[in-house]
Each structure stands twice: as C-alpha cells, then as structure tokens.
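**Q** coordinates only, sequence not included:
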C-alpha cells in the first residue's frame, strides 16, 4: 500500500496554515507568498522538492529533511501557537504473519508468547530542535535534533532515516487511535538531558582548546610585561637613591603591573566559554504501529503482556520491565503474574515469601491510551 503525502505535502500545508499562499509551477516546484513572522512583510519565494527541478529554477530553495527552510517553517508554526505535527507515511500493514516475526525479536525466559489480535495505533514521537550558541572569542551556532518517544520516554534514533524513506503527510491517511502521551514537561526534560549528554564531549573539547589558547596568550602577555618591568627596574637601580626619577619609575612600574592585571583579566574573559541553549521547535511525528495484546505462558506461571511491532524498523519495540522500569528484549513471567526482565526474575525468585505466598508484583499490561 502506498501512503499519500510526503515532505512536499507537509510543507505546503504548513505554509498555508501560516496564512501563506502556494502555487504549483511544476512537479516538485512551487512559488509561495509567505511572511516569516507576524510583523514581517510577505515575500515571494520558490521552493523545490526535487533536486532535478533546480535546473528549471536555480534560485529555488531545496526543501529536504533538516534543511534550513523546512526548519524555519516548523519553527514559525510552533511560535505561532499552532501545533506542528506530521504523520510518517508508512502503512502499519496487517497483523497476519507479523506476530511470528514479532516473537523472534524477543527472548522469552522459560515461557512462550501467545499473541492476541493485532491492532494499529498511532505512536507519537517528538523531534526537539535545539539551537546551541557557543560564545567566547567568536560566536558559533549548531542545531541539534533530539527524538523522544512521547509514550514511554525512550530516546528515538534514526527518525531522519525513516522520514527520508517514507516521507511525511500533514494529516493521517487513515483514522487510528493514538497512544496516550507523557506530560510535555517530562518529555522536554528527557530531551534536554539527552542534549546535555550529547554535547558533553563537544564542550570538553572546546574548553580544553580555549584553556590551551588562554595559557599560551597569558604566557606571552606575562613575558612581555615581565620584560618591561625588568628594563624599568634596571633603569631605576641605575639612578642614585635620592634621584626624583626613581619615584617616577616606581609609579610607572605600578601602572605596568595594573595594565598586566587588566590584560590577563581580558584574556580570561575572552577565552571563557558560554553556552546558550534554546528550543527552536518541536515536531510531533505520529507513526502507525501494530499493538499485540497477549500473554506469556510458562510451566507454572502466566502473565499478560503487550508487544509492539514497528513497521518502519521491521522489528519489535523494547518492552518496559514493570519491576525496574528498564527496557528489554528478554522477558519472562514471575510467580505473581507479572512480566519481568531476567535480573528482576532472579531477584523475584530469591525474594523470601511469607507462608509460602508469592510476593506482590505489578501487572504486565501496557497502557495504550
């Protein structure tokens, strides 16, 4: 099944939602009248969605994934108070044959998975676009995208590859239920923590480089002023003790020392790194996935479990262990009827019980909104 839509349809819909006008000139080539901001004057621009059409209009802006033009449109859509959202153009497919493929993505400990019916749901992900500004003796900017699964808080990678492969649609090609999202503040915190983790190495390298430059420049400045003071002291010592020139040279020496302190402070400020982080936009990306409710059946224990098939990656999504909240592809039933990862299964087996009763566990049912 071919799902309609793509970056072209998404961009034109976003421009029109921002009260712009789009006119198609040829396949993959548009002329738009659009104002970048509420106070800006409308201007005519040409957008190309296929590199080959640039031969017909070399002045056109090529719109691709992560291109500056697309990012500006998303940023303005977000700043305007409208929700920037798109739908990944991949069909979920039917559940026939998928359950067997889904089961192969996991290792079930001393149990077998008995799947129920599969049903497609929309799963939202958030693409947080951050702008990093590095301020020191120069100013540099960097754009960093962080993808977060908005239903469970996992960091999602390779979203750009999935978008490039399947395209975007401004609306759902088929009405499907949507999985409940985590609170916005929580997902933003997850994205911010991931951003910090990613840039730690970059910041460390930048700081080390600046410290090396500061040390080199400070050494040169210290040597320069030391030579000035040495020459001044030699001249001062050559004068008689009662010569008034000695006082003038002493005053000059203090001025040189103050100038040196000022120069070193200037260098420390010049090579001090400041980092400003701002969130430019958030794109909510909705992807259809197949949800299978079923149960794990062991020799003596059973547990309900829901597994999710990702048609874009052609594999199952990691399940969350309800005991430790970790994500895993290895699962088994506990004596209490919960599902757990191998370490939690071992801890549950070793945990003492009262009067032969099993410890109370958590259900393995996954919320789907």
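**A** Right, received. Where do you want to start? For clarity, every value in this text was computed on a predicted model and none was experimentally measured.

**Q** downstream neighbour of the helix or strand bottoming out on mean pLDDT in the chain in the secondary structure list?
**A** When each helix and strand of the chain is scored by mean pLDDT, DSSP states H and E, helix 68-79 comes last, with a mean of 70. As assigned by DSSP states H and E, the chain's next helix or strand after helix 68-79 is strand 85-88.

**Q** what distance separates the next helix or strand after that next one from the centre of its chain?
**A** Sequence-wise, the next helix or strand downstream of strand 85-88 (DSSP H and E) is helix 98-103. From the chain centre to the centre of helix 98-103 is a distance of 30 Å (Cα atoms, centre = their mean, to the nearest Å).

**Q** how about helix 98-103: buried residues?
**A** 98, 99, 102, 103 (16 or more other Cβ atoms under 10 Å). The way it works is simple: take the backbone N, C-alpha and C, and place the C-beta from them, glycine included.

**Q** Kindly indicate which of those lies nearest residue 43.
**A** Distance to residue 43 across the buried residues of helix 98-103 (Cβ to Cβ) is lowest for residue 98, with 48.5 Å.

**Q** pretty sure the closest one is touching residue 307, no?
**A** No. Assessed by Cβ atoms under 8 Å, residue 98 is found out of contact with residue 307, at 10.3 Å.

**Q** Residues that sit against both of the two, list them.
**A** residue 292 (Cβ atoms under 8 Å, 6 or more residues apart in numbering).

**Q** the domain parsing of the protein - what is it?
**A** 1-82, 201-276 (automatic domain parsing).

**Q** tell me how far the ends of the shortest one are from each other?
**A** When the termini of domain 201-276 are compared using Cα to Cα, to the nearest Å, they are 16 Å apart.

**Q** what separates it from the chain centre, distance-wise?
**A** 44 Å.

**Q** Give me the mean pLDDT for that domain.
**A** Taken as a whole, domain 201-276 has a mean pLDDT of 86.

**Q** what does stretch 99-107 give?
**A** For stretch 99-107, the per-residue pLDDT averages 91.

**Q** which other residues reach it?
**A** Under Cβ under 8 Å, 6+ apart, the answer for stretch 99-107 is 113, 115, 118, 290, 292, 307, 309, 314-316, 319, 329-331.

**Q** between these, which is nearest residue 222?
**A** Closest to residue 222, out of all of these and judged by Cβ to Cβ, is residue 329, at 59.0 Å.

**Q** And the helices in the stretch 251-369 of the chain, which stretches?
**A** Counting by DSSP state H, counting those that start in this stretch, one finds helices in the stretch 251-369 of the chain at the ranges 342-350.

**Q** Tell me where the stretch 251-369 of the chain is predicted with low confidence.
**A** 351-369 (pLDDT under 70).

**Q** can you list contacts of stretch 306-313?
**A** With Cβ under 8 Å, 6+ apart, stretch 306-313 has contacts from 88, 90-93, 98, 101-102, 106, 113, 115, 118, 123, 158, 162, 165-166, 287-294, 315-317, 319, 364-366, 368.

**Q** Mind listing what's buried along it?
**A** Buried, per 16+ other Cβ under 10 Å, within stretch 306-313: 306, 307, 308, 309, 310, 311, 312.

**Q** so who does residue 132 touch?
**A** By Cβ under 8 Å, 6+ apart, the neighbours of residue 132 are 141, 142, 143, 144, 199, 275, 276, 277.

**Q** Mind putting the buried residues of stretch 306-313 into CSV with distance to residue 350?
**A** Converted to CSV, these look like this (distance: Cβ to Cβ, whole Å):
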residue, distance to residue 350
306, 27
307, 27
308, 31
309, 34
310, 34
311, 40
312, 40
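
**Q** List just the nearest of those residues to residue 179.
**A** For those, the nearest to residue 179 is residue 308 (9.1 Å; Cβ to Cβ).

**Q** Not counting its neighbours along the chain, what's nearest the closest one?
**A** residue 317 (4.3 Å; Cβ to Cβ, 6 or more residues apart in numbering).

**Q** isn't that neighbour right next to residue 291, touching?
**A** No. Using Cβ under 8 Å, residue 317 makes no contact with residue 291, being 9.9 Å away.

**Q** hang on, residue 176 is in a helix, isn't it?
**A** No. Residue 176: not assigned to a helix; according to DSSP: H, G, I helix; E, B strand; the rest coil it is coil.

**Q** Going by neighbour count, which residues of stretch 340-353 are buried?
**A** In stretch 340-353, counting by 16+ other Cβ under 10 Å, buried: 340, 341, 344, 345, 348.

**Q** hmm, which two among the residues you listed are most spread apart?
**A** Among these, 341 and 348 lie farthest apart (Cβ to Cβ), at 10.5 Å.
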